[in-house]
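>>> Everything below, folded, please.
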Amino acid sequence: MLSPPPRDAHGDVRPHDHEGISDGDGVIRRISPQLIVDDPKTGRRLSSLAMTPSSGENGGMSVNLQNEIEQANIDARAYVSSPPWLGAVRFEAGQLRAIELIVGYDPLPGDPHHGEVWGNFSKGKKRQLLNIANWFVAIDGVSIDG
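Sure thing, here's the model as predicted:
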C-alpha cells in the first residue's frame, strides 16, 4: 500500500516521483480503440497518442500501478483490459525515470490503483516510450511500433 500522494490546496495530486514506487515496479498504460491507427506502410499499430499526457496544469500520462493491483489480489491483466480497454502496454518505473519522467500515485474514485507519469512529452520522448513499451495484454494484429 502506497502512502498518500502530495496534494495542492485544491486537493489535486501534485506531480511527484513517489518514493514507494520502485524502479522494478510495473507501470501499465491501457490502450483504447482510439489509440490504434491503420498505417498503410506498417499495418495496425499504436498511435503516438498512446504516449500523450492529459491536458491541464498537472496533466500526466494516465497509468495503473501493477504492484498495487496485485497487492489487492486482483488479476492485473483482467483489471487493465476490461472494456473499453482492448489491451495494455507495460513499462518498468526505472525505464521511465531513465528518460527523465517521474512516476507518481494518483488514486481516483473507482480506480484506486491509478498513477500518473509526468514530464516533457516531446515527439522524441513519445518515440522513446513506444520503443521501451512491451505488451502486457496484447491486441491481435497490432504492433507497438510499426
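
>>> where exactly do the strands run in this structure?
With strands called from DSSP state E, the chain shows them at 26-31, 36-39, 43-46, 61-65, 87-92, 102-105, 114-118, 134-137.

>>> so which of these gets nearest Pro53?
Of all the strands of the chain, the one in closest proximity to Pro53, counting by CB to CB, is strand 61-65 (4.7 Å). In short, each C-beta sits where N, CA and C put it, glycine included.

>>> neighbouring contacts of the closest one?
2, 21, 25-30, 51-54, 76, 79-80, 88, 103, 105, 111, 113-118, 121 (CB atoms under 8 Å, 6 or more residues apart in numbering).

>>> List the pairing partners of that strand within its sheet, with orientation.
Using DSSP bridges, the neighbouring strands of strand 61-65 in the sheet come out as strand 26-31 (antiparallel), strand 114-118 (antiparallel).

>>> I'd like those strands as TSV, with distance to Ala93, mean pLDDT and mean neighbour count appended.
Output for the strands paired with strand 61-65, formatted as TSV (distance: least, CB to CB, whole Å; pLDDT from 0 to 100; neighbours: other CB atoms under 10 Å):
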stretch	distance to Ala93	mean pLDDT	mean neighbour count
strand 26-31	5	98	23
strand 114-118	9	97	23
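
>>> Dump these to CSV, plus distance to Asp8.
Compiled in CSV, these are given as follows (distance: least, CB to CB, whole Å):
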stretch, distance to Asp8
strand 26-31, 23
strand 114-118, 14
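
>>> quick one, helices of the protein?
Read by DSSP state H, the chain holds these helices, from start to end of the chain: 66-71, 76-80, 93-98, 123-132.

>>> And the shortest one, what's buried?
Buried positions in helix 76-80, judged by neighbour count with 16 or more other CB atoms under 10 Å: Ala76, Tyr79, Val80.

>>> coming back round to it: what's the closest of the strands paired with strand 61-65 to Gly59?
strand 114-118 (8.2 Å).

>>> where does the chain have low pLDDT?
Scanning the chain for pLDDT under 70 picks out the ranges 146.

>>> that older thread, include distance to Arg7 when you put the helices of the chain into JSON lines, please.
Below are the helices of the chain laid out as JSON lines (distance: least, CB to CB, whole Å):
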{"stretch": "helix 66-71", "distance to Arg7": "18"}
{"stretch": "helix 76-80", "distance to Arg7": "25"}
{"stretch": "helix 93-98", "distance to Arg7": "21"}
{"stretch": "helix 123-132", "distance to Arg7": "26"}
